[in-house]
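In: Sequence below, structure please.
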Amino acid sequence: MLPDKPAQSAIAAVAERFCKSHRVSGIRIAAEDLLLNLCPLGQPAQLAGSLEDNLRAAAQEVHAKAFNVTLDSVMRFSVRDGHFPFVASADAASGTALLDLRKAIADAQSHRRLRVSGISSYLPHVTMLHGHAIEPIQESIAPISWQVREFVLIRSFFGQSKYEVMGRWPLHAGDSHAAASMLDEDWSLPEGDEPLVDDDAWPV
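Out: Sure, this is the predicted structure:
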């Protein structure tokens, strides 16, 4: 999902302050390219039709209500491919709502023979910077909030902080549908674990 314009500007400002205060260099994500990865591409098995058609059909099955997302802390994730992603993380209430939507999207993909694994290994975040040798850090920030009114299908370009929006699906005012019981797991990670960031996936 994509932050709105005010949230994009606020997140970019946080990244700029961090770089100056901690003297960090690296690859900054442009404000207009900031996103919150929600659910990865499921692994296909005996698909009828093209992968993209099945992803679009799965997205069409998702019924959820609009909700607010708040980012209230920044942290460095574990090293991956020589980069140290620096991210803005969602608060607990946002994490619960985002995980519910993540489960609903994964469940809809499973109906199309696209299996998504590791559903509850999820710490919602927006990557702001891929830095070099950033020391472990976690700080609170002034809350940055926006209302989520849609989710989007995104094609990410490997090794680049760029993406292409392939489709958009609105969220609604009514109650969201319950996720399947097989996906009903706690969203939080065990204490002390640092999740790895997969920003080259093709999420919806």
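
In: can I assume Arg102 sits in a strand?
Out: No: remark: Arg102 does not belong to a strand; assigned using DSSP: H, G, I helix; E, B strand; the rest coil, it is helix.

In: any low-confidence regions in the chain?
Out: Within the chain, the stretches with pLDDT under 70 are 79-83, 133-134, 157-162, 174-204.

In: Mind jotting down where the helices sit in this structure?
Out: 5-22, 51-61, 92-111 (DSSP state H).

In: got TSV for the ones you listed, with distance to Met75 and mean neighbour count too?
Out: (Each C-beta comes from the backbone N, C-alpha and C, glycine too.) Formatted as TSV, the helices of the chain follow (distance: least, Cβ to Cβ, whole Å; neighbours: other Cβ atoms under 10 Å):
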stretch	distance to Met75	mean neighbour count
helix 5-22	11	17
helix 51-61	30	17
helix 92-111	14	21
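
In: export the ones you listed to TSV and tack on distance to Glu164?
Out: Listed next are those as TSV, based on distance: least, Cβ to Cβ, whole Å:
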stretch	distance to Glu164
helix 5-22	17
helix 51-61	12
helix 92-111	19
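
In: To Ala142, which of those helices lies closest?
Out: Minimum separation from Ala142 across the helices of the chain (Cβ to Cβ) falls at helix 5-22, 8.3 Å.

In: check contacts around Leu98.
Out: Neighbouring residues of Leu98 by Cβ atoms under 8 Å, 6 or more residues apart in numbering: Leu36, Leu38, Val69, Ala90, Tyr122, Pro124, Trp187.

In: cool, Arg56 as well?
Out: Taking Cβ under 8 Å, 6+ apart, we find Arg56 in contact with Leu153, Met166, Gly167.

In: Just want the most central residue of this structure.
Out: Nearest to the mean C-alpha position of the chain, by Cα atoms, centre = their mean, lies Asn37 at 1.9 Å.

In: Ramachandran coordinates for it?
Out: Dihedral pair for Asn37: phi -70, psi 130, per degrees, to the nearest 10.

In: Over to Leu2?
Out: Phi and psi for Leu2, reported as degrees, to the nearest 10, are phi -110, psi 130.

In: And it, how far from Gln8?
Out: 8 Å (Cβ to Cβ, to the nearest Å).

In: quick one: the strands in the protein?
Out: Under the criterion DSSP state E, the chain contains strands at 26-28, 43-44, 67-76, 84-90, 114-115, 125-131, 138-148, 150-156, 163-170.

In: For Ala13, which of those is the nearest?
Out: The minimum distance between Ala13 and these falls on strand 138-148, with 9.2 Å, by Cβ to Cβ.

In: name the helices or strands packed onto the closest one?
Out: helix 5-22, strand 67-76 (3 or more Cβ pairs under 8 Å, 6 or more residues apart in numbering; DSSP states H and E).

In: Looking at the helices of the chain, spot the one closest to Ala31.
Out: Among the helices of the chain, helix 5-22 comes nearest to Ala31, with 4.0 Å by Cβ to Cβ.

In: Return the closest one as PDB; C-alpha atoms alone will do.
Out: The C-alpha coordinates for helix 5-22 follow below in PDB (Å, rounded to 0.1, in the frame of the first residue of the first chain):
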ATOM      1  CA  LYS A   5       1.300  12.700  -0.100                       C
ATOM      2  CA  PRO A   6       1.500  14.200   3.400                       C
ATOM      3  CA  ALA A   7       2.700  10.900   4.900                       C
ATOM      4  CA  GLN A   8       5.200  10.500   2.100                       C
ATOM      5  CA  SER A   9       6.600  14.000   2.800                       C
ATOM      6  CA  ALA A  10       6.700  13.300   6.600                       C
ATOM      7  CA  ILE A  11       8.500   9.900   6.100                       C
ATOM      8  CA  ALA A  12      11.100  11.500   3.800                       C
ATOM      9  CA  ALA A  13      11.700  14.200   6.300                       C
ATOM     10  CA  VAL A  14      12.300  11.600   9.000                       C
ATOM     11  CA  ALA A  15      14.900   9.900   6.800                       C
ATOM     12  CA  GLU A  16      16.600  13.200   6.100                       C
ATOM     13  CA  ARG A  17      16.900  14.000   9.800                       C
ATOM     14  CA  PHE A  18      18.200  10.600  10.600                       C
ATOM     15  CA  CYS A  19      20.900  10.800   7.900                       C
ATOM     16  CA  LYS A  20      22.000  14.200   9.300                       C
ATOM     17  CA  SER A  21      21.900  13.300  13.000                       C
ATOM     18  CA  HIS A  22      23.600   9.900  12.600                       C
END
